[in-house]
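S.K.: here you go, sequence then predicted model.
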Amino acid sequence: MRKTLLSALLVAGLSGCAASPDLPSTYSLDSNKPEGLAIVSLTLSGKPLDKVSGYEYRIREALPRGEAYAVVSQHYASARQHARAVQDEGKERPFTHSVVVKGPNNSDALDIQDAGKTTGRLAALRLSPGDYEFHSWQVREPSPYGETEYKPAREFVYRFSIKPGEATYIGRLNLHLGQANNQRVAIEDRQAEDMNLLGQKYPALRAARVTASVGTLQP
């Protein structure tokens, strides 16, 4: 069964209204619910976050080790085939969604600072049990010609696992974008700082047991 992300923030296609936060402010873990939490902080360096118009990551179901996703493009022979494809869109496809750090429809506060400057936010993602991976990012900024978009030339892989009724801290993903458009994603363990933020945002989770599982990027 295809896994479902339970946070309205991560549902694609929202427009014209503010997206819901990751969690309700009164959210608490429940071992009877078929869901768990991924706690992750997402930051940007090299470019001021207040100057960019959009910053997000892509997350998807993880394949078994040694396997990789193929690039799939559909070509239609008729308008009827295209209509059928639109109707069936999403069936038998792997779960994939955006984790928005900053964007026009994101109502979650940018709550991580460095040297007095806002650099990102803490995210608490409700996920069905299973294995997932961050695999891409996107940054957009205004330019004299409209808007400039940045993406990685090659996808990266950062895997993590979710268990029902449990919260898992998976670290801080920092994207560094240099002046020469060089980029680097790094994983940091900032548990003490991030757990303090989590308790401020979601008081009902202050006493929750959070398992730390900070991994490494895969080539």
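M.R.: On my side now, so go ahead. All values derive from a computational prediction rather than experimental measurement.

S.K.: look at the closest residue in space to Asp22 that isn't next to it in sequence and say how many residues are nearby.
M.R.: In this structure, Asp22 finds its nearest non-sequential neighbour in Ala124, 4.6 Å apart by C-beta to C-beta, 6 or more residues apart in numbering. C-beta here means a position set from N, CA and C on the backbone, and glycine is covered the same way. Other residues within reach of Ala124, judged by other C-beta atoms under 10 Å, total 21.

S.K.: now Ala124: how far from Gln200?
M.R.: To Gln200, Ala124 is 12 Å away according to C-beta to C-beta, to the nearest Å.

S.K.: ok, Ala208 next?
M.R.: The separation that Ala208 has from Gln200, given C-beta to C-beta, amounts to 14 Å.

S.K.: what do these two both touch?
M.R.: A shared contact of Ala208 and Gln200, defined by C-beta atoms under 8 Å, 6 or more residues apart in numbering, is any residue touching both; here there are none.

S.K.: more crowded one of the two?
M.R.: Of the pair Ala208 and Gln200, Ala208 is the one with more neighbours under other C-beta under 10 Å, namely 17 against 11.

S.K.: so that one sits against Asp30, correct?
M.R.: No - contact status for Ala208 versus Asp30: not in contact, 10.6 Å apart, counting by C-beta atoms under 8 Å.

S.K.: burial of the residue nearest to Tyr69 when sequence neighbours are not counted, as a residue count?
M.R.: Counting by C-beta to C-beta, 6+ apart, the nearest residue to Tyr69 once its immediate chain neighbours are dropped is Leu63, at 6.7 Å. Number of residues near Leu63 (other C-beta under 10 Å) recorded here: 14.

S.K.: Ala83: what secondary structure?
M.R.: Here Ala83 is recorded as helix under DSSP: H, G, I helix; E, B strand; the rest coil.

S.K.: list the buried residues in the strand or helix carrying Pro142.
M.R.: Mapping Pro142 onto the secondary structure by DSSP states H and E places it in strand 130-143. Burial within strand 130-143, assessed by neighbour count using 16 or more other C-beta atoms under 10 Å, is assigned to 132-141.

S.K.: all set now, cheers.
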